[in-house]
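1. Structure for the following, please:
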Amino acid sequence: MDATEDRSRRRRREFAAAAESWFRVSPLEPGVWLVGEPGHVNSWLIQGSERDVLLDTGLGLADISVAVASVSPRQPGIAASIIKPPPVAPTAPATPKPKVSPATTK
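-> Here you go, the predicted structure:
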């Protein structure tokens, strides 16, 4: 499966927002694009001579691959600037162990 087919397959998923109206893609420098979710978060597409890298992937409310495809035919690698650990459920308070008397034998 090539990158175009993969992007097409992913576009069939349901998203809360349409990518075409959600993202704003703007050039910053030659080979560097701001992929913004206005009022929310920014991602950056950095184009190399052989590969592209998408730094951060946004909120996930719209398909960011559509925005990336508007400026690059290559499927980028992904890098994250912030990685949050998964939430951990609070631990239950420790319950005291029952006191056990040593068995007496007669």
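2. How about the contacts made by A62?
-> Remark: with contacts taken as C-beta atoms under 8 Å, 6 or more residues apart in numbering, A62 is in contact with 15-19, 22-23, 37. Quick note: C-beta positions are derived from backbone N, CA and C, even for glycine.
3. Can you turn the buried part of those residues into a PyMOL selection?
-> For the buried members of the contacts of A62, the matching PyMOL selection, counting by 16 or more other C-beta atoms under 10 Å, is:
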select buried, resi 19+22+23+37
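4. The contacts of A62 in strands, which ones?
-> E37 (DSSP state E).
5. Pull out the buried residues from stretch 65-83.
-> Of the residues in stretch 65-83, those with enough neighbours to count as buried (16+ other C-beta under 10 Å) are 65-69, 75-76.
6. where do the helices sit along the protein?
-> 3-11, 19-22, 64-69 (DSSP state H).
7. How far off centre is the second one?
-> Helix 19-22 has its C-alpha centroid displaced from the chain centroid by 17 Å (C-alpha atoms, centre = their mean, to the nearest Å).
8. Compare the helices of the chain and say which comes out lowest on pLDDT.
-> Ranked by mean pLDDT, the helices of the chain end with helix 3-11 in last place, scoring a mean of 57.
9. Which residue, other than its chain neighbours, is closest to V68?
-> With sequence-adjacent residues excluded and distances taken as C-beta to C-beta, 6 or more residues apart in numbering, V68 is closest to L45, at 5.7 Å.
10. Provide the partner residues of that neighbour in its beta bridges.
-> In this structure, L45 bridges to W33, L54 when assessed by DSSP bridges.
11. thinking again about what came up before, looking at the buried residues of stretch 65-83, which one is closest to V53?
-> Within the buried residues of stretch 65-83, proximity to V53 (C-beta to C-beta) peaks at P76, which comes in at 5.4 Å.
12. so what's V71 closest to, chain neighbours aside?
-> Distance criterion C-beta to C-beta, 6+ apart; nearest residue to V71, sequence neighbours excluded, is W33 at 5.4 Å.
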